[in-house]
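In: Model the following, please.
(2 chains)
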Amino acid sequence: MRLPVWVWLALSSFLVSAAEGATRPRYGGTLTMQLSSPCAEVSACDTLLPLVAETLVRINQQGEFAPSLAVAWQHDADRKRWRFSLRPKVVFHDGEELNAAAAVPALNTSLKKIHPDVALTAGGQTLVIQSPSPMPDLLAELSRPRSAIFRTDAKGLLIGTGPFRVTAWEPSRRITLAAFDEYWAGRPFLDSVIGNFGAARALGDVFDIPFSELRRIVPERTRIWSSPPRELIALVADRVAPEMWQALALAIDRAPIANVLAQKRAEAAYGLLPQWLTGYEFLFAAPPDLARAKQLVVPLHSTPLALGYPADDAFARSVAERIAVNARDAGIVLQPTRNPGANIRLIRWPLESTDAASELVRFAEMLGLPEHATNLDSARPETIYQAERALLEAHRILPIAYLPDIYGIAPRVHNWAEAHKNGFTLHLDNVWVDP
Amino acid sequence: MMIRAAFALSFGMAMVPLLLSQATPVSTPTISDAAAPLAGRISSLLPRHPTVSLEFQNLTALSATEAASFRIALEQELQKSGIEIAATAQPDSRLRVTISENARGLLLVAVIGTEEHPQVAMLPWNLPPAVELKPRLKLAMQLIREQPEAILDFSLLNSGSSLLVLGTNKVSNFRLANGQWILAGIANLPLARPIPRDPRGRIESDSVVFHVYLPGTTCNGAVQPELRIACAPANDTWVVNARDPALAVRWVTGRNLLESTSTKEPFYSSAAGWFARPGGRVDDLAGDVLRNADAWGSDMMSIENPCGAGWLALATQAGDVGARDQIQVFEIAGGQATAQSEPMPLAGPVLALWPAEAPAQATVLVRNLKTGNYEASRLGLACAQ
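Out: Take a look at the predicted model:
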């Protein structure tokens, strides 16, 4: 049985509020974080960038677009011309005021990758984004970390408008952030944040626990915090016969992957987007049917297929090996390999937001099927369901399991649930620590 | 339980119009109201006068009773649309209805036909939040105003017929008409600097002028002839409580803390000579720690004892800011706090606990965790006989 949304929220709240402490947040202190993922550039690191730089719009917990550096926006009927009103009295970390002209360089760079003909016009606090072709997904694009507004100083340090400013940066090793006193939404409670990268260690106030390290022993009194499922493990291929793909889908038993390999931290996945996000994922559920899978395989006279998995990912390897066992039972020979060029690839695909429509567009682009995700309307979930069904029936992706983010949280850390409240980006401005 | 008339006089008088206005019964929407629009969407997918079999499941925390009510309502609406419901039907006439939910709220999903060729209708549906039960014991609370924007403090003027609400960036003036607060004016706060996280503020007023104290900004304003306000980048002092007239306090710029020349360390709140410090300690001017106050939160205040001489202390409960809070009455004697009431559970964290205009009342501001709204209430003490 799946956990409904409220259980995830209640579970998270319970785990985080279990510690004792004063009700009112406390200013001051340093939070140290140990993150297993590497981060070679702050601007390319989606975990850290939102702490330093902000986007024009954001996606809130309900998956709706909400103001961030832009307080209002409007567009013409064709969605070719968009007009944004920027928030007044916002300053960059170097004291320069945010206006439309200051926002143009960063946005020009990020938007031209998606809309090469885009033109930006600045006038005071008004920014106009225009393109000869419609830009229906512009808000989704502008909400992504890669569309954050920032520049770099002479030392190469990133200067944004976010709640923290960069004070020291050692690529792929360590970042030091300090509270930005003039932050428009109020100075963060923390004085500073130190982030260490690239190693899975149970050190510091907060550390992420990769799925390959689930059996790790954590320090005493450490709370374990899980996000809602936010990453999909799936098989992807573009040259496998539809009948073979169907047989594989029927052969794979997802329950042992979610319950044994992922220690009950994962959920079996049948759709691209998780149930808590769409509310309709249960419609795709299909139990394994080995007999039917064998029937489909027999006439194919199949040859062995290579199943590639990320070379440095022990959890992905264990999933690939498990899938190979299921496939063999159905008469399909899958050979797990770290080498590139495999017929079928096992991927880990993190969701970036709580907006189901824009996430489906990302899936469609990744699969090379953008035409399958057009005219999506978040207010009409049928449109998203139909598009997702079409993507699944294209026989290029096979969902396996949804994974959450898992963190170990030291007892002195408070309000960690707030850090993930707005979608999936990390927000530490409301986190506070005991001395 | 008998409540003394004195309580009704001191607490209830200004609230009578509000109580009357809230007594009017209002029909609360339920999930059964979604039956008609969902039936409409289902019937649009079916031929005329079809016969279907109905299967039903609930994937949410909605109670079995509510789910059953919805099913009955849906069956009635389907029949009104000319759809006949049978125990069994052809596979392509199977109707499967699911109460599901997603990040936006409830989602009603209807699937018609086979799994290979399904037709799907969906209806997003958001239920209004459940009404909180009001506590009944010695503490009594009256909701004055509820709104989605943050409320830092409020002040009732003219015997409760006018209301000043202090938000994070404005002061709003309301007047009471037919039991409803009607907006009469807004004055934006020209803040000297961004208001700190965990925003706090204080508004004090009489019928003519008012004063606003925010961390880093002090404002003076007038209600008549029209609402107006002028602010300066300063932390002026004010007397926090009639119980402690010598204790003049002011905000610490850019923080959620108070300070006073009477005590060296900053504090969140004070009551009867005791201070709630960062870190959860409650101590006095000499640094002696109050016994039996380990579970207190950051907010406390002095309140007049309506059932005897002297003053009592109201205190919130320790816990994280995202959790439901509670308020309890304590007597402080001999360096020890003794509970004098049952704790009153609240709908969310207490964001402010301030003395009210009357010494036996308190201003309580709570963020309701179910609705997300900010609730401004008056709290009074009553003695049980």
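In: Quick check, the residue in the stretch 151-300 of chain A closest to chain B?
Out: A:Gly279 (3.3 Å; C-beta to the nearest C-beta). C-beta: built from backbone N, CA, C; applies to glycine.
In: What is the neighbour count of that residue?
Out: When counting by other C-beta atoms under 10 Å in any protein chain shown, one arrives at 31 neighbours for A:Gly279.
In: What separation do you get for the residue located most distally from the centre of chain B and A:Pro370?
Out: Outermost residue of chain B with respect to the C-alpha centroid, by C-alpha atoms, centre = their mean, is B:Gln90; its distance is 51.8 Å. Separation of B:Gln90 from A:Pro370 (C-beta to C-beta, to the nearest Å): 38 Å.
In: swap in A:Gln335?
Out: 32 Å.
In: out of these two, which sits in the more crowded spot?
Out: Counted by other C-beta under 10 Å, A:Gln335 and A:Pro370 do not tie: A:Gln335 has more neighbours, with 16 against 11.
In: quick one, phi/psi of the more buried one?
Out: phi -110, psi 100 (degrees, to the nearest 10).
In: which ones are touching the closest residue in space to A:Ala119 that isn't next to it in sequence?
Out: If the residues on either side of it in the chain are set aside, A:Ala119 comes closest to A:Gln130, at 5.0 Å by C-beta to C-beta, 6 or more residues apart in numbering or on different chains. By C-beta atoms under 8 Å, 6 or more residues apart in numbering or on different chains, A:Gln130 lies in contact with A:Lys80, A:Arg81, A:Trp82, A:Val118, A:Ala119, A:Leu120, A:Thr121.
In: List only buried entries from those residues.
Out: A:Lys80, A:Arg81, A:Trp82, A:Val118, A:Leu120 (16 or more other C-beta atoms under 10 Å in any protein chain shown).
In: Surely the first one and A:Ser133 touch.
Out: Read that as A:Lys80. Yes. A:Lys80 lies in contact with A:Ser133 (C-beta atoms under 8 Å); the separation is 6.9 Å.
In: Quick one: neighbours of the closest residue to A:Arg230 other than its chain neighbours, just the number.
Out: Sequence neighbours aside, A:Leu351 is the residue nearest to A:Arg230 in space, at 4.9 Å (criterion: C-beta to C-beta, 6+ apart). A:Leu351: 23 surrounding residues under other C-beta under 10 Å.
In: With A:Leu107 instead?
Out: Using other C-beta under 10 Å, A:Leu107 has 23 neighbouring residues.
In: Next, it: secondary structure please.
Out: Secondary structure state of A:Leu107, per DSSP: H, G, I helix; E, B strand; the rest coil, is helix.
In: tell me the contacts of it?
Out: Counting by C-beta under 8 Å, 6+ apart, A:Leu107 has contacts A:Leu56, A:Leu120, A:Leu127, A:Ile129, A:Leu142, A:Ser147, A:Ile149.
In: Okay, and which of these map to helices?
Out: Counting by DSSP state H, the part of those found in helices is A:Leu142.
In: In strands, which of the contacts of A:Leu107 fall?
Out: Mapping those onto strands (DSSP state E) picks out A:Leu120, A:Leu127, A:Ile129.
In: got JSON lines for these, with distance to B:Glu146 too?
Out: JSON lines is the format used below for the ones in strands among the contacts of A:Leu107 (distance: C-beta to C-beta, whole Å):
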{"residue": "A:Leu120", "distance to B:Glu146": "42"}
{"residue": "A:Leu127", "distance to B:Glu146": "36"}
{"residue": "A:Ile129", "distance to B:Glu146": "38"}
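In: out of those residues, which one sits closest to chain B?
Out: Using C-beta to the nearest C-beta, those come closest to chain B at A:Leu127, 22.4 Å.
In: Wait, B:Leu189 touches B:Asn169, no?
Out: Yes. B:Leu189 is in contact with B:Asn169 according to C-beta under 8 Å; the separation is 5.4 Å.
In: Tell me, how many residues neighbour the nearest residue to B:His49 once chain neighbours are set aside?
Out: Closest residue in space to B:His49, ignoring its immediate chain neighbours: B:Gly82 at 5.1 Å, by C-beta to C-beta, 6+ apart. Per other C-beta under 10 Å, the neighbour tally for B:Gly82 reads 11.
In: who's in contact with B:Gly82?
Out: B:Ser43, B:Arg48, B:His49.
In: So the first one is in contact with B:Leu78, correct?
Out: Pointing back at B:Ser43 there. Yes. Judged on C-beta under 8 Å, B:Ser43 makes contact with B:Leu78 at a distance of 7.3 Å.
In: between the two, who's got more neighbours?
Out: B:Leu78 (26 against 18).
In: Next, the buried residues of the helix or strand hosting that one.
Out: Per DSSP states H and E: B:Leu78 is located in helix B:64-80. With burial defined by 16+ other C-beta under 10 Å, the residues of helix B:64-80 counted as buried are B:Glu66, B:Ser69, B:Phe70, B:Arg71, B:Ala73, B:Leu74, B:Glu75, B:Glu77, B:Leu78.
In: Can you pull the poorly scored residue ranges out of the chain?
Out: Going with chain A. A:1-22, A:200, A:421-423 (pLDDT under 70).
In: wrong one, chain B
Out: Low-confidence segments of chain B (pLDDT under 70): B:1-29, B:91, B:127-137, B:308, B:321, B:384-385.
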